[in-house]
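# Coordinates for the following, if possible.
(one chain, ligands or ions: 1)
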Amino acid sequence: MYKLTRRRFGGVLGASAMGVAAGSLAAPAVLAAAKSRLVVIGGGPAGATTARYVAKGSKDVSVTLIEPKHHFTTCFFSNLYLGGFRTLESITHGYSTLAAEYGINVVHDVAVDVDRAGKMVKLARGGDVAYDRLVVTPGIAMRYDSIEGYSAEASTVMPHAWQAGTQTAALKQQLEAMEDGGTFVICPPPNPFRCPPGPYERICMVAHYLKSNKPKSKIIVLDAKDKFSKQALFQEAWVQHYEGMIEWLPKEVTGGVKAVKAESMEIVTDGETIKASVANVIPAQKAGVIAERAGLTAESGWCPIDPSSMRSKKDESTFVIGDASIAAAMPKSGFSANSQAKVAANAILADLTGSKKFPAKYRNTCWSLVATNDGVKVGADYTGGDEKIDVTSKFISKTGESADLRAQTAEEANGWYAGITKDIFG
Ligand SMILES: Cc1cc2nc3c(=O)[nH]c(=O)nc-3n(C[C@H](O)[C@H](O)[C@H](O)COP(=O)(O)OP(=O)(O)OC[C@H]3O[C@@H](n4cnc5c(N)ncnc54)[C@H](O)[C@@H]3O)c2cc1C
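Have a look, this model is predicted:
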């Protein structure tokens, strides 16, 4: 593994030169010096897809992808891991194809600051990376202060598991260690948040695991909202597959979660204190920290974008894609992030190489597995309107669908997972 230091690189580096230092398969620095430079912060679905599509689209742009992790575990399908339908390995992906086959300079580091005037990204381990166009895709940060007593430290005891990897594995271990007859408490966050159907798919997957392994256990849902995505479909599944196991309490009943006490595993609402055997506390969210640091966020904590390109409304040279952006009608999903990345890649190539810019078209589908061979979905097509991203058509599964159709929807999701992860990581 390479080590980047200020001494070795004299502080300021072009992205192309850095790729050579990083030992990837970039063109020699002397040739690459004339190339335009794209720097991407964050190697999730949004960032990795953009990097790959720009690298694929032109040999005249050098692409640097900054991501601290060597392996990326997808949040999508992480609920299926909790349910016992997937292993953690099967939802974990590496970056070697992006480097080897697409010549992307993958730099495993954290971007700690952006000098927008000087067009430089500062790295945690020292050194700056120069860019002509910047893509900021850091995903989400937790608003720990939205729940009294919750913190990064408390999340090791009461995991949110809303950023996949260590957190998801911790939640799984706790479920496995829980006694039969225990209480699993989940606290879905307020809007807007990553993956609107995610908490409710998680309830199904945890119920599936408990029904098969610890059938005397209960699930209590302390929701920060009064309604949620695919509600009729999830509630149908809770009755059909997990009768008597799940109690959903909307905000209008409890007033929402006010505080947690990790040391005693207690969750406090307006009227009650509930003791959990396992507590899955998912706080309110905002754009990843570097977005705010770079001055790209609005008061809401999320990043405004131009709907025709995903270009930041705060900076002409910068694009914000995926969960960190305000993409109006589009949910914060991996599918959305991947779709937005292709629109942004087209706009970036147009900026840097003069290639044709096409009208922005976006798409999303969110599948959820509710039980074995029982899948549901919601989705839409979108266009980049004048003010925001607008829906052009939409669809949703229906309650009471046949078992055959539900099995087909579940299978469709497996196909989608294989396809999208290939499209993201190569
Ligand atoms: C339980 C659950 C289930 C889900 N299921 C689905 C589903 O079925 N379908 C679907 O489409 N979506 C699903 N999602 C949503 C999906 O996972 C997210 O919308 C998607 O990951 C967003 O992609 P992103 O690239 O914007 O952010 P991320 O995936 O969070 O990637 C951001 C990356 O940026 C890196 N980063 C952050 N800050 C820095 C920095 N300063 N420097 C360098 N790197 C940085 C991070 O390490 C991370 O790798 C689910 C989410 C959850 C939690």
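# Show me the chain divided up by domain.
6-141+286-356, 146-283 (automatic domain parsing).
# Residues of the stretch 1-150 of the chain that sit close to the ligand?
Taking CB under 6 Å from any ligand atom, the part of the stretch 1-150 of the chain that reaches the ligand is made up of 41-47, 66-69, 72, 75-76, 78-79, 110-111, 137-139. (Each C-beta comes from the backbone N, C-alpha and C, glycine too.)
# Can you tell me the SS state at Glu299?
The three-state label given to Glu299 by DSSP: H, G, I helix; E, B strand; the rest coil is coil.
# Check Ile186 too.
strand.
# and if you look at Gln163?
Per three-state DSSP, Gln163 ends up coil.
# What of Phe335?
Assigned state for Phe335: helix (three-state reduction, three-state DSSP).
# quick one: it and Lys377 touch, right?
No. Phe335 is beyond contact range of Lys377, at 10.5 Å (criterion: CB atoms under 8 Å).
# who's in contact with Pro307?
Residues near Pro307 by CB atoms under 8 Å, 6 or more residues apart in numbering: Ala327, Ala328, Ala360, Gly384, Gly385, Asp386, Glu387, Lys388, Ile389, Asp390.
# Tell me the secondary structure at Ser90.
Three-state call for Ser90 (three-state DSSP): helix.
# And it, how close does it get to the ligand?
Ser90 sits at a distance of 14 Å from the ligand (criterion: CB to the nearest ligand atom, to the nearest Å).
# Could you tell me which of the contacts of Pro307 count as buried?
Those of these that meet the buried threshold are Ala327, Ala360, Gly384, Lys388, Ile389, Asp390, by 16 or more other CB atoms under 10 Å.
# how about the residues of the stretch 251-400 of the chain near the ligand?
Going by CB under 6 Å from any ligand atom, the residues of the stretch 251-400 of the chain near the ligand are Gly288, Ile290, Gly322, Asp323, Ala324, Lys332, Ser333, Gly334, Phe335, Ala337, Cys366, Trp367.
# In contact with the residue nearest to the last one when sequence neighbours are not counted, which residues?
Closest residue in space to Trp367, ignoring its immediate chain neighbours: Ala413 at 3.6 Å, by CB to CB, 6 or more residues apart in numbering. Contact analysis of Ala413 by CB under 8 Å, 6+ apart lists Trp367, Leu369, Gly375, Lys377.
# so Ala413 sits in a helix?
Yes. Under three-state DSSP, Ala413 sits within a helix.
# Nearest to the ligand within the stretch 201-350 of the chain, name that residue for me.
With CB to the nearest ligand atom, the shortest gap between the stretch 201-350 of the chain and the ligand falls at Gly322, namely 2.3 Å.
# Relative to Ile348, how far out is Leu38?
6 Å (CB to CB, to the nearest Å).
# joint contacts of the two?
Common contacts of Leu38 and Ile348 (CB under 8 Å, 6+ apart): Val54, Val61, Arg133, Val135.
# returning to what we had before: which of the residues of the stretch 251-400 of the chain next to the ligand has the most neighbours?
When neighbours are taken as other CB atoms under 10 Å, the top entry among those is Gly322 (34 neighbours).
# now the residue lying closest to that one once chain neighbours are set aside, what's its secondary structure?
Among residues not flanking Gly322 along the chain, Ala46 sits closest, at 2.8 Å (CB to CB, 6+ apart). Three-state assignment for Ala46 (three-state DSSP): helix.
# ok, Glu67 - contacts?
Gly42, Gly43, Gly44, Gly47, Ala48, Tyr95, Val106, Val107, His108.
# quick one: pLDDT of the third one?
Looking at Gly44, its pLDDT reads 98.
# What about the closest residue to it other than its chain neighbours, how many residues nearby?
Computed as CB to CB, 6+ apart, the closest residue to Gly44 that is not its neighbour in sequence is Gly139, at 5.4 Å. Neighbour count of Gly139, defined by other CB under 10 Å: 22.
# just checking, Tyr81 is part of a helix?
Yes. Assessed by three-state DSSP, Tyr81 belongs to a helix.
# circling back: comparing the domains of the chain by mean pLDDT, which bottoms out?
Lowest mean pLDDT within the domains of the chain: domain 6-141+286-356, at a mean of 90.
# and it, how far out from the chain's middle?
Relative to its chain's centre, domain 6-141+286-356 lies at 13 Å (CA atoms, centre = their mean, to the nearest Å).
# quick one on the thing from earlier: please verify my assumption that the residue nearest to Gly322 contacts Ala327.
No. Under the criterion of CB under 8 Å, Ala46 is not in contact with Ala327, lying 10.5 Å apart.
# what would the contacts of Ala413 look like in CSV with secondary structure and distance to Val121?
Shown next, in CSV, are the contacts of Ala413 (DSSP: H, G, I helix; E, B strand; the rest coil; distance: CB to CB, whole Å):
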residue, secondary structure, distance to Val121
Trp367, strand, 35
Leu369, strand, 38
Gly375, strand, 40
Lys377, strand, 38
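# Please narrow the shared contacts of Leu38 and Ile348 to those residing in helices.
Under the assignment DSSP state H, those contribute Val54 to helices.
# Is it correct that Ser277 is in contact with Met178?
Yes. Counting by CB under 8 Å, Met178 is a contact partner of Ser277 at 4.9 Å.
# joint contacts of the two?
Joint contacts of Ser277 and Met178 (CB under 8 Å, 6+ apart) are Phe184, Ser217.
# residue contacts, the nearest residue to Gly255 once chain neighbours are set aside?
Among residues not flanking Gly255 along the chain, Asp270 sits closest, at 2.9 Å (CB to CB, 6+ apart). If you count contacts by CB under 8 Å, 6+ apart, Asp270 has them with Thr254, Gly255, Gly256, Lys258.
# what about burial for those, which qualify?
Buried members of these, scored by 16+ other CB under 10 Å, are Thr254, Gly256.
# nearest to Glu101, of the contacts of Asp270?
Distances from Glu101 to the contacts of Asp270, taken as CB to CB, are shortest for Gly256 (47.7 Å).
# Give me the phi and psi angles of the closest residue to that closest one other than its chain neighbours.
The shortest distance from Gly256 to any residue other than its chain neighbours is 5.0 Å, reached at Ala224 (CB to CB, 6+ apart). The phi/psi pair for Ala224 (degrees, to the nearest 10) reads phi -90, psi 0.
# Determine the number of other residues adjacent to Ala224.
Ala224: 22 neighbours (other CB under 10 Å).
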